[in-house]
Structure formats: structure tokens, C-alpha cells
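J.: Predicted model follows, preceded by the sequence.
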Amino acid sequence: MGFLKELKEVSISVLPIAVIATLLSFFFGVFSDGVPFWQFLLSVILIIVGLSLFLLGVGMGFVPVGNHIGQMVTKKHSIWLLVSVGLFLGVIITIAEPDVEVLVEQVVSINPRIGKLLLILMISLGVGIFMALSYIRTLTGFSMKIAFLICVLLILVTAFFVPEFFVSVAFDSGGATTGPMAVPFILALGLGVSATRNAKESDSFGYAGMASIGPVLFVLVLGLFLRGDIGLYEGGIYSMSLSERMLNTLREVSVALLPLVVIAIVVQLFSMRLPKIRAIRLFVGIFYAFVGLVLFLFAVKSSFMPIAAALGRVVGSVGSWLLILIGIVFGAVVVLAEPAIWVLTEEVEQVSQGRIRRGVMLLFMSLGVASAVALSMLRIIYGLSIWYFLLPGYALILILMPFSSTLFVAVAFDSGGVATGPMSSTFLLPFAIGAAGVVSNDAQSASFGMIGLIAMMPILSIEILGVIYGVTIKRAERSVK
């Protein structure tokens, strides 16, 4: 039953993009040059099955371990233990995050001077440190609005001294980290922390948003030291044979998941001590996660991403208006089909006791993501600097903070994190890279930044929703008086 549930949710997430991509590929003749249709169809099936197995495995194997660690650490009432565990787990789970793997490989293919391991390490450290800081903020009662304000200002100031390529990659990294592996662990520990104090509504949110800020800052710091010319994009990640790609994927997934497997074994032997049947179920779940992640990464890199890049090149060569229009459609479909968004909006509706309606949140998030993809296409077409979008966007976010409740601010930053799901990294980003190759005069710099904008726009749209709710409530109170 668990697998069928995951299969249904993942299918709802993947199939809309796959169907639209298939129709466009047939219309523009993409399948006749490159990846054949049967291979793309097989990749879609493997993505759905692989991601379903991975999510099922994470729920069966890794989430129970994360929950147990969260409960164990919070019972100790040691802030230093909490910081250490948050930092350590943040690093380990980010290394195993599929969205990060997909993003980093595309970045390295364009700028070979950036070592893949180095970039993953900086992103992981960012998640770990800011996970720990978010838990400290909750325990100390430090204002969430002030915390986000300080972080955003620090990022914007640092970014002024960094080459634009790294600015785009940094904001993309922040969006890619809060994927299907990281979010369950972040929320499990966060809920454990908030349970140790008299929790307010807002204490249940904001952890994913804070964790996604760390990678942005750390990749920007990396950009301060790595300067120079950017390598040419030659599609290197697509050039391997299928057998080479499978062996490479097996090796990478084994290395990424090994630390988490060791943690699970140690926790089971010395702390959880589950009965034999439950322990077997836990490690079967870990095996499911391994197999699912291998199938997912193999499929997206072998067929899904090449088709997306080819489609971006073809559509980009046809006309600017069509590129923007298709981008809007893709953006709206991605956000409405993302399971994590439905989970977040349902939780918000429950926590707010129905005051914040799920349908309204989905509408505002959909508008935000569709706008982000449209802006990314405009940036590619006209060769605009990413600063034309980041500065006004985050300036508005900071201006609206005082006029929106703490709950809405926390939910807004979480929304930015969950909006950038697997389809953003595996389809929208390659689509943008392909389009930039034929439209932009500076294809390398214009290729990235879309995921960062997708993460930014829902923050803005949900804060606007928060302001609207605040005004509505005040008017209702005045009418009662």
C-alpha cells in the first residue's frame, strides 16, 4: 500500500511534465535527433518507479532514525549536543540529496574549475550549520523575522563581491537542497525541538527555509576564492554510454548513502534496539532508497535531462514569445504537481485551524513559480543580469516582512524551499541551459539562476498573501466593533 501511495503521488508530479515534453518533442522533431522516444519513455517509467521507491525507503528506513535521533537529542536538553547533531546530520543528508547531485553535475559540466566534491561539501556545510542555527533560534526564542532579515542582508552583501555565475549557482544551490531526502530529516528534528518549549504556530515552520539559506552563503564564499573564466558547455554529462552511466551512478549513490547507513546501524544497535521484524523493515527501507535513487539518477541523466536541454534549444530558436509561454506552463505544472507543496499547504491549513486555506496558498504559489520561470526566460532572452531580479525581489520580501505575521513569514520561506522539487533540477534547469545556448550572448552565466528565482518568488507571493490576510482580519475586527 505504501509503494502504491508513493507511486500515485510521484506519477502526479512527473507525468504532467513528461506528457507536455513528449508532445512538444514530437511537434518539434526532437526525438528524431538524439534520444529516441522509447528511451525517453523508459526514463519516465524509471523516474517514477525510482523516485517512488526512494521516497518509500526514506519513510521506512531513514525517517524513523531521524525521528529517534530528534527525540533522543531534545530529551538531553543540551544545546551543544543539538547543534552538533544538527550540523552533522545536515551535512550527511545533503550529500545524499538527489537534487543536489543533479544540480552539481550540471554546474561542473559548465565550469570544470569547480570540483564536484568541493561544491557538494560547501552546500552540505551550509545546510548543516544553518540547520543547527535554526534549532538554536527556536530554543532561545530569537525572532524569526530578524533571523531571516539578517541572513538575507548578509547574502546580498556577500554576493556583490562574487562573479555573477557564482551568484546564480549559489541561489540555485539553496533551492536544490530542500529535496525529498533533506526535508523529512529537517522537519523531524525541528518538530522535536519545538516540542521542548511552549510552541507557537510559527515554531512548526521555518526550518526548511533557514536550511536553504546556508548553501547560498557558502557557495558565495566559495565564489570569492574561485574566479576566472568559465568553461564551455559541451553537454559532458550526457556523453557517457548507458553502461558507464549506470556504473557511475551505482558508485556515487553508494558513497552518498554509506554514512547514513552507518548511522542507522549504530542508532539501532545502541539506542533504538527495535525488535527483529521492525529492524528488518527499517533496513529493507534503506535498500529501497538505494535502488530507487540509482534508478532515478540513471534515468534523469541518461534521457530526461538531454531531452529537456534539446527541447530548450529548439523552442529557443523558434521565438522568444513561445519560450516565455512554455516556461509559464512548465512553472505552473511543476508547482501544482509537487507532492511536498501539497504536504506543506495541508499542514499550514491544519496548524492555522482552517484560517489559511490550502487552495488559496496553492494559487499564490503557482503564480509565484510561473512568474519565476517566465522571468528566467526573459533573463535568458535579453541577457539580463540576475541582479535585476534578485535585488527588487528580496527588497520586497524584506519590506513586506513587518506587514505579514510571523507564521506567514515562516511558511513563505518554507514554500520557497519545497517549490524547488526534483522536476526543477532535472527538467526546468536543463531546459533553461538548452535555451540559453541558442538565445543568450552569455550562455554560461544565463544558464543558472532559475532554481534560485523559483525559490524566491513563492516567498514573495506568500508574504503578499499574508499581508492580504492581515488586512482582511483587521477589517473584520473593525466591522465587529
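T.: Okay, I see it.

J.: residue nearest the centroid of the protein?
T.: Ala176 (3.4 Å; Cα atoms, centre = their mean).

J.: tell me the contacts of that residue?
T.: Counting by Cβ atoms under 8 Å, 6 or more residues apart in numbering, Ala176 touches Glu97, Asp99, Val100, Val102, Leu103, Ile123, Pro215, Thr420, Ser424, Ser425, Ile451. Where C-beta positions appear, they are placed from N, C-alpha and C, glycine not excepted.

J.: For the fourth one, give its distance to Leu453.
T.: This means Val102. 18 Å (Cβ to Cβ, to the nearest Å).

J.: quick one, what contacts the residue nearest to Lys116 when sequence neighbours are not counted?
T.: Distance criterion Cβ to Cβ, 6 or more residues apart in numbering; nearest residue to Lys116, sequence neighbours excluded, is Val108 at 4.8 Å. Applying Cβ under 8 Å, 6+ apart to Val108 gives the contacts Ile114, Gly115, Lys116, Leu119.

J.: Just give me the closest of these to Phe304.
T.: Nearest to Phe304 out of these is Lys116 (Cβ to Cβ; 19.9 Å).

J.: Tell me the pLDDT of that closest one.
T.: Note on Lys116: pLDDT of 84.

J.: what does the one 5 residues further on give?
T.: Reported pLDDT at Leu121 in the predicted model: 91.

J.: how many other residues sit next to it?
T.: Residues near Leu121, counting by other Cβ atoms under 10 Å, number 16.

J.: measure it to Phe218 for me?
T.: 9 Å.

J.: repeat for Asp414
T.: Separation of Asp414 from Phe218 (Cβ to Cβ) stands at 20 Å.

J.: And the two? Which one has more around it.
T.: Asp414 (30 against 25).

J.: these two touch, right, the more buried one and Gly206?
T.: Yes - the pair Asp414 / Gly206 is scored as a contact, 6.4 Å apart, by Cβ atoms under 8 Å.

J.: What confidence value was assigned to the residue nearest to the centre of the chain?
T.: So, for Ala176, pLDDT stands at 82.

J.: I'd like the distance from the helix or strand where it lies to the chain centre, please.
T.: Assigned by DSSP states H and E, Ala176 belongs to helix 164-177. Relative to its chain's centre, helix 164-177 lies at 11 Å (Cα atoms, centre = their mean, to the nearest Å).

J.: ok, Ser303 touching Leu42?
T.: Yes - counting by Cβ under 8 Å, Leu42 is a contact partner of Ser303 at 7.1 Å.

J.: Among these two, which residue is more densely surrounded?
T.: Ser303 (25 against 14).

J.: Which residue, other than its chain neighbours, is closest to that one?
T.: Ser43 (3.4 Å).

J.: any idea how far Glu105 lies from Pro98?
T.: Glu105 sits 11 Å away from Pro98, going by Cβ to Cβ.

J.: more neighbours, these two?
T.: Between Glu105 and Pro98, Pro98 has the larger neighbour count (other Cβ under 10 Å), namely 25 against 19.

J.: Just the pLDDT for that one.
T.: On the pLDDT scale, Pro98 gets 85.

J.: Surely it touches Met181?
T.: Yes - here Pro98 reaches Met181: they are 6.7 Å apart, a contact under Cβ under 8 Å.

J.: And for stretch 151-163, what's in contact with it?
T.: In contact with stretch 151-163 (Cβ under 8 Å, 6+ apart) are residues 130, 167, 170, 210, 213, 216-217, 220-221, 223-224, 227, 390-391, 394, 397-398.
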